Every structure is written in structure tokens, then in C-alpha cells.
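J.: Coordinates only, no sequence provided:
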């Protein structure tokens, strides 16, 4: 930047006019600046100190002689011995000027601004931020490559011809929103191209305004729908004969919006004109793709397995044998075609016996005769059941035949006297004791209900089942209450013994009970009390109630002594129950 020097003023500084400095904030105003340039020295430590004057440049760390000579403050040393890059602001490109005062308006160099906006007016008025270096460099104000790279990170990367146009070709809005409100839809800039296109006429055809569906950014022309397709027709894949259609109007005669994608909409005439077989008369479905492909309307192949597999005797039938009423809604149930066969069959008589109309339960597709029922899927025929005549169980027909044994064997149940099932109240689940080999030779597994071990094996059934077999209790006390009440060594009732007999007794016999005093109550076979007692009455002082015990009969403590020893124990009393509460295992 060049400046015009003015006359010296009273302070030895020359005025200059910056009106010729393009792009500088405040141009047109006259300011006073000295011609002393590049004085990045501590003049207070050099010549200025010697003359007794302060440095006009402030507190700098560069010697005065780096820029000045002994002849005077001006002219400056040529070249100066000062690298401006050491300040963090290298002088590059347009910043490499002859006059320091172009930027240093004050002789105190530390006060110079370093932001671009401090020297350069922002033509974008802050819309793109204050960092000019985002798009511009000191070399040139118009850096096209960097701007393209930065634009790629925006919502609209510049590709194809978009990379060659001037910014204002798209950013046509006036400030302050000429960049931020620019639309990104193609049609916002290319509406005229859309409206002017006649091959095909986009507006008349109702084309969508999403230009990118067919066009790219290289050129608006040469977008092709058929023959070198550029349009993604995936909404309806063009295969077979469809791919060979060059005229879009063949399918889009009424425009492109809302074009149906089902075959019948275009092929209704072919459907109605076909007579081998006659589609309309036969009531064929209008889903053409079930039989036809996109290569040709002729040579249709119906995959009948999609509806009803044709196997066995069905393969040799003519279509009309099953589709006498048309092809639409033809039933796939056997009975709908074989009702006459069902009603005419008399061995056995299906109607009289109430046979199921699910023919496939016994018949196959090979032929109606030689039916074979898979009885195991309903009721497995094992043992003596295999030799029975069907009527033996199905006397009242085949529908609703019960599957429980008692329904057929009630007479056997009622007639059995050894033991008498009815009188004894035996359960009617016959399979609990009987099998399908025969009613006789029943084998009852008593372990299913109550294992018979020890003395229980030799007891007669009536000893436990005095009131019948149903609801017989399985707890010991129910049968051994008399044994419990009559035992006096010790007296179970007086002592309040539990009625869970199995705690001490075994099925081998009532006598010889073993009571585990250690595991249930207080250790007397181990610990401090092992071998310290002879009889139960040593502790259980009340023979009629073993719930009462005394510690003091053996441990004759002096109460006063014990009271003193336990004076810090909360709740202490001089009683056996208190002893047990604190010494449950007998330890000290």
C-alpha cells in the first residue's frame, strides 16, 4: 500500500493520507504517523536512553540498531535486521508492503490489530463469520480452490458445472442473507430448464421436480429414461419385455404421477382376451404374476403347489374336474370334492358312524380305497386293544369317543372283588395298576403314592386303608397316634413331643427310636455336656413336661456371685431359660 507523505508537524512526525489504500478501514481520513517504520527495538535501552527520551514503540525486545542507524532515526537501515515472522504474523503476499505504517497506525507497535476484519471491510457483513482466512489467503483475495474445498463440507458440494460458476450465480439474494438462505433443491435454480423441456414434456407428464432422479451435475441434457437408463426405475424394475420398451408413454399414458405398479392395470386386455383357458369365465385371479413372467404373456406356467399340491391321483385330473365352479375361491379341503365318496362308503359307514370329514386323516391322495387310519395319533392301540373290532370302542360312532380307560372298563372296575374296587373307593384311573395286555394281572406301584419300606411291606392294605383308598393320609401320626399316646418312656404327650414321628422313629419299628438331641435342641452328646449326665431327668426335672428344664441343678451357682458377674448384661435374670438364651450351645 502506498501512502502520500505530508509536511512535518511539530512533533517531527509526517502526516499521510490513506485515501489511496484500497480495502483499508477508515480510508478517506487523514491521520498523523511518523515515517519511522519497523522500529521494533527497545529504544529505552539504546539511543533513546542515551538522549534521555522514552521509546515511542513501547516495551520491545529488539535493539534499536536493528532498524535505525547512527545517522538519525531516518532513513531506516536498508535492509532492516528484523524478521517480522517472529511476531507470529509473517508478511506474505499482499501484506508484504514497503510502508510499516500501512498497518502500524501507532508508533507503539504492540497495539496493531491482527484480525482481518480490523483492516478489511467485510462484504459479507458477518454472514460467513469474521475469519477471512477460511476462504481467502494473503496471496489473493479470490482463492477459488480453497473455496471449493470448503464448500464441499456444506450442505451442497460443488460438483460438475457447479464448480465453474461464479458464487453470485447461485447466491443471488441481497445481504445480509445472500449465503445462508440459498436453497439446495435443484428446481430452485433449474425451474426454467424443467419447464422448457419438451422431450418429454416434464410439466405435461407430471414429472417430479426432484431433478437428481434423472439428471447429474455434469449437464442438464442427456438424461435418459430408456436406452442407457440414467433414471433409477427401482420403484418398478424394468425386466424382460419391459426393458425393451423405449416409449415411456406406453405405461405412463396418463402421466408419471400415480402410475399403478400391478400387472393387471396394463394387461387387462390380455387377461380378458385369453381363452385357453378363459380367464374371465374361469374367475382367474388378476395377479398376473402368479402364472406369467415379464418376458411374454404366452407360455404361462402355474405353480399349483402354491395353492394345492398336485400329487398322487390329482396329477392326472383335468382342471375342470376340481374347478367346475371356476378357479376363484376353489376349496382346498378334500371333503369339498370327495363328499360323494364319503357318503357312499359303507365299510365302515362313514355317515352312520359319524366319521370325521377330514379325509386326510385316513386317506391319501393316491386313491380313496385302502384307507389307513393312524390310530396312534388319536389313541395308541397297544396290547389287547390291537385285536378289537372298531365297534367295540366306537359303538356310538367315531366322533367324541372318550380316551380314558374307565369309560370302556367300568364294568370290569365294578365287577372286581379282589379287592373290591367300588367298595374300597379305588381311583378310576385304571392305568395306575392295569396295563393294556389284560384286566387281570394288575400290578399296583404303591411307591407312586407312599413307598412301602420296613414294617410297612408286611401290613395288610386295610390296616392303613380302613376308610377306603381315596384320600388316605401319608403322615405317620395318622396311623401311629395310639403308639404316640401310649408311649411313657418318655411320655410323649406329657413331654409335648412333636407328632412328626419320623424325627426319632423309622419304618423298621416303633421301638428303638433315636432322638438327636444335639441336632434339634441342646448339645448333650458333644461339647461341655458330653458325659456329664446320666438320665433325662438330670435336666428335665418335670417328667410330665420335657419342655421344662433346669441348668441350676448341676450348676449350683451362687446367685449373688452370678448377679455381680452379669451386672453389665442387659435382660439378665437368674433363671435357667436365661442361661439357655445366652449359652445355647453350652459354651462359656
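T.: Yep, that arrived. Owing to the predicted nature of the structure, the values given are computational and were not obtained by experimental measurement.

J.: those helices in the stretch 101-250 of the chain, which residues are they?
T.: Remark: helices assigned in the stretch 101-250 of the chain by DSSP state H, counting those that start in this stretch are 116-119, 144-151, 167-170, 186-196, 202-205.

J.: thought residue 261 was touching residue 236?
T.: Yes: look at residue 261 against residue 236 with C-beta atoms under 8 Å: they come within range, at 4.9 Å. From N, CA and C alone the C-beta is placed, and that goes for glycine too.

J.: Turn the helices of the stretch 101-250 of the chain into a markdown table, columns for mean neighbour count.
T.: What follows is the helices of the stretch 101-250 of the chain, written out as a markdown table (neighbours: other C-beta atoms under 10 Å):
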| stretch | mean neighbour count |
| --- | --- |
| helix 116-119 | 15 |
| helix 144-151 | 13 |
| helix 167-170 | 13 |
| helix 186-196 | 14 |
| helix 202-205 | 14 |
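
J.: Now render those helices as TSV, adding distance to residue 135.
T.: Output for the helices of the stretch 101-250 of the chain, formatted as TSV (distance: least, C-beta to C-beta, whole Å):
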stretch	distance to residue 135
helix 116-119	11
helix 144-151	5
helix 167-170	10
helix 186-196	22
helix 202-205	36
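
J.: Relative to residue 57, which of the ones you listed is closest?
T.: Evaluated with C-beta to C-beta, the helices of the stretch 101-250 of the chain place helix 116-119 nearest to residue 57, the distance being 19.5 Å.

J.: which helices and strands does that closest one pack with?
T.: Using 3 or more C-beta pairs under 8 Å, 6 or more residues apart in numbering; DSSP states H and E, no helix or strand is in contact with helix 116-119.

J.: average pLDDT across it?
T.: For helix 116-119, mean pLDDT is 80.

J.: how many other residues sit next to the nearest residue to residue 249 once chain neighbours are set aside?
T.: Nearest non-adjacent residue to residue 249, counting by C-beta to C-beta, 6 or more residues apart in numbering: residue 200, 7.7 Å away. A count of neighbours around residue 200, defined by other C-beta atoms under 10 Å, yields 15.

J.: ok, residue 200 touching residue 255?
T.: No: if you go by C-beta under 8 Å, residue 200 and residue 255 don't touch, sitting 10.3 Å apart.

J.: Least confident secondary structure element in the protein?
T.: strand 30-32 (a mean of 28; mean pLDDT, DSSP states H and E).

J.: and residue 329, what does it touch?
T.: residue 283 (C-beta atoms under 8 Å, 6 or more residues apart in numbering).

J.: Helix or strand: which one has it?
T.: For residue 329, there is no helix or strand it lies in under DSSP states H and E.

J.: confidence score at it?
T.: At residue 329, pLDDT is 70.

J.: Same check on residue 17?
T.: 35.

J.: And for residue 52?
T.: So residue 52 comes in at 49 (pLDDT).

J.: now the strands: where do they sit in the stretch 251-400 of the chain?
T.: Remark: no strands are assigned in the stretch 251-400 of the chain by DSSP state E, counting those that start in this stretch.

J.: Low-confidence ranges, it, go.
T.: 328 (pLDDT under 70).

J.: And the chain, by the same measure?
T.: In the chain (pLDDT under 70), the answer is 1-53, 143-145, 176-177, 222-232, 328, 556.

J.: Tell me which residue of it is furthest from the middle?
T.: residue 71 (85.1 Å; C-alpha atoms, centre = their mean).

J.: For residue 101, see how far away that residue is.
T.: Distance, residue 71 to residue 101, using C-beta to C-beta, to the nearest Å: 21 Å.

J.: what does residue 356 give?
T.: Distance, residue 356 to residue 101, by C-beta to C-beta: 112 Å.

J.: Neighbour count for these two, which is higher?
T.: More crowded of residue 356 and residue 101, by other C-beta under 10 Å: residue 101, with 21 against 15.

J.: and residue 430, how many residues sit next to it?
T.: By other C-beta under 10 Å, neighbour count at residue 430 equals 22.

J.: what residues are up against the residue nearest to it when sequence neighbours are not counted?
T.: Nearest in space to residue 430, with sequence neighbours left out and distances taken as C-beta to C-beta, 6+ apart, is residue 405 at 3.8 Å. Each residue near residue 405 by C-beta under 8 Å, 6+ apart is listed here: 429-431, 434.

J.: follow-up on the earlier one: state the distance from the residue farthest from the centre of the chain to residue 542.
T.: 134 Å.

J.: which residues touch the closest residue to residue 372 other than its chain neighbours?
T.: Excluding its sequence neighbours, the residue lying closest to residue 372 (C-beta to C-beta, 6+ apart) is residue 362, at 6.4 Å. Contacts for residue 362 (C-beta under 8 Å, 6+ apart) come out as 371-374.

J.: from those residues, which single one is nearest residue 189?
T.: residue 374 (75.6 Å).

J.: show me what contacts the nearest residue to that closest one once chain neighbours are set aside?
T.: Counting by C-beta to C-beta, 6+ apart, residue 374 lies nearest to residue 361, which is 7.4 Å off, once chain neighbours are set aside. Going by C-beta under 8 Å, 6+ apart, residue 361 touches 373-374, 377.

J.: most surrounded residue in those residues?
T.: Going by other C-beta under 10 Å, residue 373 tops the contacts of residue 361 with 14 neighbours.

J.: If you drop the residues flanking it in sequence, what lies closest to it?
T.: Leaving aside its chain neighbours, residue 373 sits nearest to residue 362 (4.2 Å; criterion: C-beta to C-beta, 6+ apart).

J.: thinking again about what came up before, any idea how far residue 378 is from the residue nearest to residue 372?
T.: Counting by C-beta to C-beta - residue 362 and residue 378 are separated by 11 Å.

J.: next one: residue 66
T.: For residue 66, the distance to residue 378 (C-beta to C-beta) stands at 114 Å.

J.: how about the helices of the stretch 251-400 of the chain, start to end?
T.: Under DSSP H, counting those that start in this stretch, the stretch 251-400 of the chain gives helices at 263-273, 279-282, 319-322, 334-344, 390-393.

J.: I'd like those helices laid out as JSON lines, including distance to residue 485 and mean neighbour count.
T.: As requested, the helices of the stretch 251-400 of the chain are exported to JSON lines (distance: least, C-beta to C-beta, whole Å; neighbours: other C-beta atoms under 10 Å):
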{"stretch": "helix 263-273", "distance to residue 485": "93", "mean neighbour count": "14"}
{"stretch": "helix 279-282", "distance to residue 485": "92", "mean neighbour count": "15"}
{"stretch": "helix 319-322", "distance to residue 485": "83", "mean neighbour count": "13"}
{"stretch": "helix 334-344", "distance to residue 485": "72", "mean neighbour count": "14"}
{"stretch": "helix 390-393", "distance to residue 485": "53", "mean neighbour count": "13"}
